[in-house]
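Enquirer: fold the following for me, if possible:
(one chain, ligands or ions: 1)
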Amino acid sequence: MPQLARRTGRAKPSAIMAVAEKAKKLKAEGRDIISFSIGVPNFLPGEHVYEAARKSLDKDSGQYGSNRGTDALLDAFLHHLEGSGLTGYTRRNIVAGVGAKHVLYNLAEALLDEGDTIAYPTPYWTTYQDIADIVGAVSLKLPCPPEQNYKLTPQQLDAALARKPKVFLFNNPSNPTGMVYSKDEVAALAEVVARHPDTWILLDDIYNRLVFDGVGYHNFLHFRPELRDRTVVIDSLSKTYGMPGWRVGLIAAPENVAQALVALNSNHITNLPEVVTAAAIAALTGPQDIPQRKCAEFATKRDRVLAALAGIPGVVCPRPEGAFYAFPDISVAFGKTHDGVVIHNDVDFCNALLEAKGVACVPGSAFGEPRALRISYTCADAQLDEGLSRIQAFFAELA
Ligand SMILES: Cc1ncc(COP(=O)(O)O)c(C=O)c1O
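Expert: Predicted coordinates:
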């Protein structure tokens, strides 16, 4: 019997999707389920995006397109980058892909040989570990527990980079914690990075327009522009523009990295569809009022989540300042029982919560922090409040 490639054994289905599937199944059985599991923005893009897509269909060329992305799309992203204070790039630095997930995968292919090390802070977005595993890279996880607000310190980064990992991957604002590094914190980390020239820097900044409380978006390149020679900025339309299903990710990279991704695109996807490209350009260059309004709404939802969690004795939730996630430490529940069910760990907790109260959250172990769970809080306020009071009730019933 022929065998699958060894690589496929390392490709695990997403842990987040597993929770979402279970919640969907219970819903189909008629259960009243509130899902805080998948990280979806829960809004649609503006009418101008749909109009651009419709117009594109009307004059569809039906042809293959550019492996890098059309010039108009590259220019639209250059404009977007400038809006974030990232200047000095040209089209040769930009490449489009099928979502940030796809460009991250391609970056792993382009930068990591088997056995190379990729360092990243924990908690991390689950896909980082999975992609590293698939390409045979070694993950060097840098623990950032709730006691340090889930944030990497300059000392930790210095010690990690002294080990000369091939790649350092940094996600700000963070999924799953919602943490946002302040200007001073980013500046301090950038100084450390500048002292270690042998490591590629990947900045997964896809939540950069979803920052609250006036903290602002800061990037190593704002402080150390010369790091551009070995830094890749990763962005996506999924969360900012309410377009996760459209699948548009973009990078700003050194030319040699960009060229490597163009070559991979030419063998994987060939090009983004014309209609998707038109919609992406409209989103990037059109009115920004919907993303801005949604960011303000997410900040108020964050407040609702924090207020509810603050009322639960023993639960600690470092204050998220961006994205749309909260990542409370719920370990106070471990060793207790709910309705006779013993809760040993985060997975037991999430299963019992889903079974007993119909609330779906993702266990923190999916992100490398088994003391926590992730709440994705983009649903309507009424549903959010109902889900939160069910979580409160669940805790109150623990024995
Ligand atoms: C930190 C982070 N990076 C990348 C992605 C992938 O986004 P996309 O929809 O563009 O593939 C996600 C999606 O959840 C994410 O949370």
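Enquirer: in contact with residue 205, which residues?
Expert: By Cβ atoms under 8 Å, 6 or more residues apart in numbering, residue 205 lies in contact with 171, 172, 217, 219, 233, 234, 235. The C-beta positions use only the backbone N, C-alpha and C, and glycine is treated the same way.
Enquirer: how about a cut-off of 7 Å?
Expert: Under the criterion of Cβ atoms under 7 Å, 6 or more residues apart in numbering, the neighbours of residue 205 are 172, 219, 233, 234, 235.
Enquirer: pLDDT score for it?
Expert: At residue 205, the model reports a pLDDT of 98.
Enquirer: circling back to that earlier point, and which of the contacts of residue 205 is nearest residue 178?
Expert: residue 172 (10.8 Å; Cβ to Cβ).
Enquirer: what does the model give that closest one for pLDDT?
Expert: So, for residue 172, pLDDT stands at 98.
Enquirer: phi, psi of it?
Expert: phi -150, psi 120 (degrees, to the nearest 10).
Enquirer: mind listing what it touches?
Expert: 180, 181, 205.
Enquirer: ok, of those, which one's closest to residue 358?
Expert: Once Cβ to Cβ is applied, the member of the contacts of residue 172 that ends up nearest residue 358 is residue 180, at 31.2 Å.
Enquirer: and the closest one, which of the three is it?
Expert: The three-state label given to residue 180 by DSSP: H, G, I helix; E, B strand; the rest coil is coil.
Enquirer: looks like it contacts residue 173 (just checking).
Expert: Yes. Taking contacts as Cβ atoms under 7 Å, residue 180 lies within contact range of residue 173: 4.6 Å.
Enquirer: need the overlap of contacts for the two.
Expert: Counting by Cβ under 7 Å, 6+ apart, the residues touching both residue 180 and residue 173 are 211, 322.
Enquirer: what's residue 397 sitting at in phi/psi?
Expert: phi -90, psi 0.
Enquirer: quick check: closest non-adjacent residue to it.
Expert: Excluding the flanking residues, the one nearest residue 397 by Cβ to Cβ, 6 or more residues apart in numbering is residue 338, at 5.9 Å.
Enquirer: burial measure for the closest residue to residue 239 other than its chain neighbours, as a count.
Expert: Spatial nearest neighbour of residue 239, chain neighbours left out: residue 41 (5.2 Å); criterion: Cβ to Cβ, 6+ apart. Counted with other Cβ atoms under 10 Å, residues neighbouring residue 41 total 21.
Enquirer: what is the mean pLDDT for stretch 264-272?
Expert: According to the model, stretch 264-272 has a mean pLDDT of 97.
Enquirer: residues of that stretch that come out buried?
Expert: If you call a residue buried by 16 or more other Cβ atoms under 10 Å, then stretch 264-272 has these buried ones: 264, 265, 269, 271, 272.
Enquirer: redo the residues you listed as TSV? Include distance to the ligand.
Expert: Below are the buried residues of stretch 264-272 laid out as TSV (distance: Cβ to the nearest ligand atom, whole Å):
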residue	distance to the ligand
264	16
265	15
269	13
271	17
272	12
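Enquirer: between the residues you listed, which sits nearest residue 131?
Expert: Nearest to residue 131 among those, with distances taken as Cβ to Cβ, is residue 264, at 13.4 Å.
Enquirer: now for the helix or strand encompassing that closest one, which elements pack on it?
Expert: Assigned by DSSP states H and E, residue 264 belongs to helix 255-268. When contacts are defined as 3 or more Cβ pairs under 7 Å, 6 or more residues apart in numbering; DSSP states H and E, helix 255-268 packs onto strand 94-97, helix 99-111.
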